[in-house]
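Engineer: Below are the sequence and a predicted model; questions follow.
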Amino acid sequence: AQSVTQLDSHVSVSEGTPVLLRCNYSSSYSPSLFWYVQHPNKGLQLLLKYTSAATLVKGINGFEAEFKKSETSFHLTKPSAHMSDAAEYFCVVSESVIKAAGNKLTFGGGTRVLVKP
Amino acid sequence: DTAVSQTPKYLVTQMGNDKSIKCEQNLGHDTMYWYKQDSKKFLKIMFSYNNKELIINETVPNRFSPKSPDKAHLNLHINSLELGDSAVYFCASSQYTDTQYFGPGTRLTVL
């Protein structure tokens, strides 16, 4: 069974400083990994995804994540935080289901990012 | 333009009532999903349909029944609503095992 652990439930940063959101996963085979963002009272938006092509994945809004198989990690970073980055971030692992007809997402517990002016 | 839409956005109802939430996607995807987000923001999959066929059915009470009239629609019907059903319900769609795209969510409050 797959699982995801987000190591920080809250992260507070100052505007213009780097952001690091930590994620460790457990999966029985090569996983697909995602980061989604949820702004207050909004739906989930895809930030980026890893599907075994390149280990460093670039996403939207200046975010990127690095897949490290040896550490079973998929940490999300951004060099310079913006006020609009204040949101809840979810690390997600995916596994295919029967007949590859769909995929089952397992979510981490989320990390709330607060950006101070 | 909306890719995955849900109605209603907010739903407030009394315990014991029956209610439905509707989901539609215009992405041409073959697979649709329902997720539940609890008060602590934890998200968990409930159901998934591929071309009107049930492919994921997690441990969900029988009071929850998904219905897919066609591959662009996946509705969620809930019987005999309980306080613990209060949550945000998200619909999503994907083209088979590709990336899932989420709707805006339906906030259900059971009084």
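Structural biologist: Now that the structure is in, tell me what you want to look at.

Engineer: When you work out contacts or count neighbours from here on, use the C-alpha atoms and nothing else.
Structural biologist: Fine.

Engineer: Out of the helices and strands in chain B, which is least certain?
Structural biologist: strand B:53-57 (a mean of 87; mean pLDDT, DSSP states H and E).

Engineer: Next, work out how far apart the spatially most central residue of chain A and A:Y89 are.
Structural biologist: Taking CA atoms, centre = their mean, the centroid of chain A lies closest to A:W35, which sits 2.9 Å from it. Per CA to CA, to the nearest Å, A:W35 is found 7 Å from A:Y89.

Engineer: Flag every buried residue along stretch B:33-48.
Structural biologist: B:Y33, B:W34, B:Y35, B:K36, B:Q37, B:K41, B:L43, B:K44, B:I45, B:M46, B:F47, B:S48 (16 or more other CA atoms under 10 Å in any protein chain shown).

Engineer: got the residues of chain B near chain A?
Structural biologist: B:31, B:41-45, B:48, B:50, B:55-56, B:90, B:94-98, B:101-105 (CA under 8 Å from any CA of the partner chain).

Engineer: at 7 Å instead, please
Structural biologist: By CA under 7 Å from any CA of the partner chain, the residues of chain B that approach chain A are B:T31, B:F42, B:L43, B:K44, B:N50, B:I55, B:Y96, B:T97, B:F102, B:G103, B:P104, B:G105.

Engineer: wait, what's in contact with the residue nearest to the fifth one when sequence neighbours are not counted?
Structural biologist: It stands for B:N50. Sequence neighbours aside, B:T31 is the residue nearest to B:N50 in space, at 4.3 Å (criterion: CA to CA, 6 or more residues apart in numbering or on different chains). Taking CA atoms under 7 Å, 6 or more residues apart in numbering or on different chains, we find B:T31 in contact with A:G102, B:S48, B:Y49, B:N50, B:N51, B:S93, B:S94, B:Q95, B:Y96.

Engineer: Let's see which of those end up in strands.
Structural biologist: B:S48, B:Y49, B:N50, B:S93, B:S94 (DSSP state E).

Engineer: got the residues of chain A near chain B?
Structural biologist: A:K42, A:G43, A:L44, A:S96, A:I98, A:A100, A:A101, A:G102, A:N103, A:T106, A:F107, A:G109.

Engineer: Most neighbours out of those, which is it?
Structural biologist: A:G102 (28 neighbours; other CA atoms under 10 Å in any protein chain shown).

Engineer: wait, isn't it in contact with B:T99?
Structural biologist: No - applying CA atoms under 7 Å as the test, A:G102 and B:T99 come out as separate, 9.6 Å apart.
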